[in-house]
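Enquirer: Kindly return the folded structure for what I paste below:
(4 chains)
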Protein chains: 2
Amino acid sequence: MRAYLPIADRRRQLIEAGLTIAERDGVSNVTVRRVASEAGVSLGLVSYCFGSKEELILAMATQIVQELVEHSDPGPHTGSAEEGIDLVLRGALARMWEQVERTPGRQLLTYEITTRSLREPGLSDVAKRQYDVTLELAADALAQAAQTAGVTWTRDLDQVAGLVVMAIDGATLRWLVDHDSEAALARLGDIADLLTTMTV
Amino acid sequence: MRAYLPIADRRRQLIEAGLTIAERDGVSNVTVRRVASEAGVSLGLVSYCFGSKEELILAMATQIVQELVEHSDPGPHTGSAEEGIDLVLRGALARMWEQVERTPGRQLLTYEITTRSLREPGLSDVAKRQYDVTLELAADALAQAAQTAGVTWTRDLDQVAGLVVMAIDGATLRWLVDHDSEAALARLGDIADLLTTMTV
DNA sequence: CATTGACTTGGACGATCGTTCAAGTCTTCA
DNA sequence: TGAAGACTTGAACGATCGTCCAAGTCAATG
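Expert: Numbers count the residues shown, from 1 in each chain, chains lettered A, B, ... in the order given. A predicted model of the protein is given here:
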């Protein structure tokens, strides 16, 4: 990394360093000094780029939400109309679940940010935005799944998305504790069955 | 509170003080000094009762799990065999949900303890025990619900309990963020529908 | 080329943390 | 009742934290 970066680039680098530490050691272990060390930069520079540590954490949280969108891979829609909505949903959930299992540190970090957002006034909107983005992504995926299978939802799409996000949230937190992938996928499969009853 | 308590009583008092702070300000704001202040006790006494702060946090986490059992109120089973399993399940979920909404700080604290348990080796078993206890309570409630409605589960009871706990976890975390009670109960109602299809 | 301003450094500061400990107070039991 | 031991106190210590700032370095502009 070149020295004397424009402040915007330096900010991005520090956010990345902060997220690396947060994923590895938890949000509570993100300190100004450690971020500076991780980025190979002096202590004062962090305060120069971010007015306060809280601003840095906020920027990290915003980046997490941003990457939620960027990393949302609709995946190859292998399904055809012949496949049936149930199989299409299970395929979409399985692909989403691969992404979850591939990034356990990021998943745990997301829960940490959520709880922190519920405690610190300065982050009060972060959790709401997390859900807004996640729900929109879920709704998009559900709409596309229905289109692929040639069916339509008999419920409000946002309502269905809320159900799916609830299940994924619960399944992910549980998996972070017991790492039972088979059980998690089985439970999500049951949710797919429920969703199937909401199509026609 | 009398002075010069037996160490066991003093420990209980300090755990209670710690939980009060943790519910109000978050687990990251639980410090030895604040616990001592909340309990109206000197700083050194906390270290005397608990060898380290980590032991205090562990004792607090254990107490949370313990209270999970103690506060699990099966509630008045108003249902009769005439009522149908779906209504019995909805009733049980609604009663459980009242308890959730009555104790938001405790719910948030539970998530904080879970994530902290996933980060700190000294708390590594706490999250597992949280789920063990919760799952057992859910299984008991589901068994009793089926008995009340005069039906039997067509799935392994633990499997059904896992599904319910997943849903409750996701619903609670979401509610802590948006406080939309109606939506949360609607989603849990959908889960009740799913559970109904697992009975005969 | 010189100067201006953006970027960077590292030390200093006060606050707060967990832990330790010598000393004091109270209860218990022989 | 008096000695022993359990309980309690508050100060002290070193570590770490976020923030600040004077000084230095580099890139861009006139």
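
Enquirer: low pLDDT regions in chain A?
Expert: Across chain A, the ranges flagged by pLDDT under 70 are A:1-2, A:74-81.

Enquirer: What parts of it come near DNA strand C?
Expert: Residues of chain A lying close to DNA strand C by CB under 7 Å from any atom of the strand are A:3-7, A:10, A:41-45, A:47-49. Any C-beta I mention is one placed from the backbone N, CA and C, and that applies to glycine too.

Enquirer: Which one (most neighbours) among those?
Expert: Using other CB atoms under 10 Å in any protein chain shown as the neighbour test, those are led by A:Cys49, with 23 neighbours.

Enquirer: Could I get the contacting residues of that residue?
Expert: Listed by CB atoms under 8 Å, 6 or more residues apart in numbering or on different chains, the contact set of A:Cys49 reads A:Ile7, A:Arg10, A:Arg11, A:Leu14, A:Leu56.

Enquirer: For chain A, which segments count as helices?
Expert: Taking DSSP state H as the test, the helices found in chain A are A:7-25, A:32-39, A:43-49, A:53-70, A:85-102, A:104-119, A:126-149, A:157-178, A:181-196.

Enquirer: Tabulate the ones you listed (a markdown table), appending distance to B:Ala61.
Expert: Listed next are the helices of chain A as a markdown table, based on distance: least, CB to CB, whole Å:
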| stretch | distance to B:Ala61 |
| --- | --- |
| helix A:7-25 | 20 |
| helix A:32-39 | 26 |
| helix A:43-49 | 33 |
| helix A:53-70 | 25 |
| helix A:85-102 | 25 |
| helix A:104-119 | 15 |
| helix A:126-149 | 23 |
| helix A:157-178 | 13 |
| helix A:181-196 | 24 |
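
Enquirer: Quick check: A:Met96 vs A:Thr114, distance?
Expert: Distance from A:Met96 to A:Thr114, counting by CB to CB, to the nearest Å: 18 Å.

Enquirer: Tell me which of those two has more neighbours.
Expert: Comparing A:Met96 with A:Thr114 by other CB under 10 Å, the one with more neighbours is A:Thr114, at 24 against 18.

Enquirer: Can you tell me how far A:Ser52 is from chain B?
Expert: Noted for A:Ser52: a distance of 17 Å to chain B, by CB to the nearest CB, to the nearest Å.

Enquirer: do A:Ala61 as well
Expert: Look at A:Ala61 and chain B: by CB to the nearest CB, they are 13 Å apart.

Enquirer: what's the answer for A:Asn29, then?
Expert: Taking CB to the nearest CB, one finds A:Asn29 at 8 Å from chain B.

Enquirer: so that residue touches A:Glu23, yeah?
Expert: No. Using CB atoms under 8 Å, A:Asn29 is not in contact with A:Glu23, being 10.6 Å away.

Enquirer: Who has more neighbours out of the two?
Expert: Neighbour count, other CB under 10 Å: between A:Asn29 and A:Glu23, A:Glu23 has more, with 19 against 11.

Enquirer: got a list of what A:Ser72 touches?
Expert: Counting by CB under 8 Å, 6+ apart, A:Ser72 has contacts A:Leu137.

Enquirer: which parts of chain A sit against chain B?
Expert: Within chain A, the positions near chain B by CB under 8 Å from any CB of the partner chain are A:25-26, A:28, A:108, A:111-112, A:114-119, A:127-128, A:130-131, A:159, A:162-163, A:165-171, A:173-174, A:176-178, A:183, A:186-187, A:190-191, A:193-194, A:197.

Enquirer: And the residues you listed, which of them are buried?
Expert: For the residues of chain A next to chain B, a burial check counting by 16 or more other CB atoms under 10 Å in any protein chain shown picks out A:26, A:108, A:111-112, A:114-119, A:127, A:130-131, A:162-163, A:165-171, A:173-174, A:176-177, A:183, A:187, A:190-191, A:194.

Enquirer: mind listing what A:Val65 touches?
Expert: Listed by CB under 8 Å, 6+ apart, the contact partners of A:Val65 are A:Val126, A:Arg129, A:Gln130, A:Val133.

Enquirer: again, only this time at 10 Å
Expert: Residues in contact with A:Val65, defined by CB atoms under 10 Å, 6 or more residues apart in numbering or on different chains, are A:Thr110, A:Ile113, A:Val126, A:Ala127, A:Arg129, A:Gln130, A:Tyr131, A:Asp132, A:Val133, A:Thr134.

Enquirer: Give me the distance between the residue lying closest to A:Asp169 once chain neighbours are set aside and B:Tyr131.
Expert: In this structure, A:Asp169 finds its nearest non-sequential neighbour in B:Gly170, 3.8 Å apart by CB to CB, 6 or more residues apart in numbering or on different chains. The gap separating B:Gly170 from B:Tyr131 is 14 Å, by CB to CB.

Enquirer: can you list residues touching both of these two?
Expert: Contacts common to B:Gly170 and B:Tyr131, judged by CB under 10 Å, 6+ apart, are A:Leu173, A:Arg174.

Enquirer: Export stretch A:119-134 to CSV, keeping only CA atoms.
Expert: Only the C-alpha atoms of stretch A:119-134 are listed here, as CSV (Å, rounded to 0.1, in the frame of the first residue of the first chain):
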residue,chain,number,x,y,z
ARG,A,119,-27.3,-0.8,22.9
GLU,A,120,-25.5,2.3,21.5
PRO,A,121,-27.6,5.3,20.4
GLY,A,122,-25.0,6.1,17.8
LEU,A,123,-25.7,2.9,15.9
SER,A,124,-29.4,2.9,16.4
ASP,A,125,-30.2,2.7,12.7
VAL,A,126,-27.7,0.0,11.8
ALA,A,127,-29.8,-3.0,12.8
LYS,A,128,-32.8,-1.6,11.1
ARG,A,129,-30.9,-1.1,7.9
GLN,A,130,-29.5,-4.7,8.2
TYR,A,131,-33.0,-6.0,8.2
ASP,A,132,-34.2,-3.7,5.4
VAL,A,133,-31.4,-4.9,3.1
THR,A,134,-31.8,-8.5,4.0
